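Asker: coords please:
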Amino acid sequence: MPAAKRKSKSRSTTRWVAKVKTDSTHPPEGLFTKDAAAIAKSLASKRVSPKGPASGMRMLVYYINRAGHGLSASRKAELQKAKGLLSERIERAKSRKETA
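Answerer: Purely as a prediction, here's the structure:
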């Protein structure tokens, strides 16, 4: 019996990304080549992510997902470490808000 064929959904020719009209803040050039602590600190700053560290976390995750296969194991590990540090910052900020 032949393998089951996938039914493809009808997809428009343009992607959702093409419809994005706003231009958000951008991390500094070469940020993702630095050490984990520098990445986390920069992405948590108001200059890079004015809406808070969670916005910086989204930028980092987006970069990791997009760079994906092109990253070396050591670079990917450093970015994951930065993700952990940034996550800790978010949790600290969240706990400060709850106690205030």
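
Asker: identify all contacting residues around stretch 79-88.
Answerer: Residues external to stretch 79-88 that are found in contact with it (CB atoms under 8 Å, 6 or more residues apart in numbering): 32, 36-37, 39-40, 43-44, 53, 56-57, 60-61, 63-64, 71. To be clear about C-beta, it is placed using only N, CA and C from the backbone, and glycine gets the same treatment.

Asker: swap in 10 Å and give it another go.
Answerer: Here stretch 79-88 makes contact (CB atoms under 10 Å, 6 or more residues apart in numbering) with 31-32, 34-44, 49, 53-54, 56-57, 59-61, 63-64, 67, 71.

Asker: stretch 29-38 too?
Answerer: 28, 39-43, 48, 59-60, 63-64, 67, 71, 75, 77-86.

Asker: do stretch 65-74 as well
Answerer: 32, 63-64, 75-79.

Asker: among the residues you listed, which ones are in strands?
Answerer: In strands, defined here by DSSP state E, there are no members of those.

Asker: let me have these in CSV, extended by distance to E91, neighbour count and pLDDT.
Answerer: Converted to CSV, these look like this (distance: CB to CB, whole Å; neighbours: other CB atoms under 10 Å; pLDDT from 0 to 100):
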residue, distance to E91, neighbour count, pLDDT
F32, 22, 20, 92
Y63, 21, 18, 90
I64, 19, 17, 91
R75, 25, 14, 94
K76, 23, 14, 94
A77, 21, 12, 95
E78, 21, 18, 96
L79, 19, 19, 95
